[in-house]
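S.K.: Here is my input; please provide its structure:
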Amino acid sequence: MEPLTTMRIQASFDCNICTQGSIKCNPLRHIQSEIQSEPGLRNAVRMAIPLGKNQFDLAVEFATVIQVGEYFTDLSRWRLMSCDPLFTAELGRSYQETAFSALTQMRYQYNMAASLIQVSGDPRLANWFKSEIVRIEGLLEQYR
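M.R.: The predicted structure is shown next:
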């Protein structure tokens, strides 16, 4: 089986809890309800990580990336790059401070979701988490 692909989307849901990046809500439910009417997309998105600012990282079946992107604003091309919207300098903070803070929060969100998913026994999802957390850790080292 193919590994899962990572997408970054921006989406506004009626649920303020998940759009703010809280782990108290499961954004995967909202995302799946948006795309469930499309044939073949019901199980296309395997995980949704809330990042704040109405942004989410998704673990997506590779064959469905284009179709999923049609439902949401796709920010994947800027993900974890200097132009990543999550890294935009905030008032009173440098770019590096903002990027480090965003990556630290992102690592926290990924670790929380990964700890919950361990019971599922899905090796592709476990590998997806492992590779994404390693990528985030590497970027954190650059901003220390």
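
S.K.: which residues touch the lengthiest helix in the chain?
M.R.: What stands out as the longest helix in the chain, according to DSSP state H, is helix 95-117. Residues outside helix 95-117 that contact it (CB atoms under 8 Å, 6 or more residues apart in numbering) are 21, 23, 47, 49-52, 57, 82, 84, 86-90, 93, 125-126, 129, 132-133, 136-137, 139-140, 143-144. Every C-beta, even on glycine, is put in place using the N, C-alpha and C of the backbone.

S.K.: Check which residues of the first helix or strand past that helix going along the chain are buried.
M.R.: Helices and strands here follow DSSP states H and E; after helix 95-117, the next one along the chain is helix 123-143. Judged by neighbour count using 16 or more other CB atoms under 10 Å, the buried positions of helix 123-143 are 125, 128-129, 132, 135-136, 139, 143.

S.K.: would TSV of these with distance to Ile117 be doable?
M.R.: What follows is the buried residues of helix 123-143, written out as TSV (distance: CB to CB, whole Å):
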residue	distance to Ile117
Leu125	6
Trp128	9
Phe129	7
Glu132	12
Arg135	17
Ile136	16
Leu139	22
Tyr143	27
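
S.K.: Look through every helix and strand of the protein and give the one with the lowest mean pLDDT.
M.R.: In the chain, no helix or strand scores lower on mean pLDDT, DSSP states H and E than helix 16-19, which sits at a mean of 60.

S.K.: Show the subsequent helix or strand relative to that helix.
M.R.: helix 27-35.

S.K.: buried stuff in the helix or strand just after that following helix?
M.R.: Using DSSP H and E, the helix or strand that directly follows helix 27-35 along the chain is strand 45-52. Buried residues in strand 45-52, defined by neighbour count with 16+ other CB under 10 Å: 45-51.
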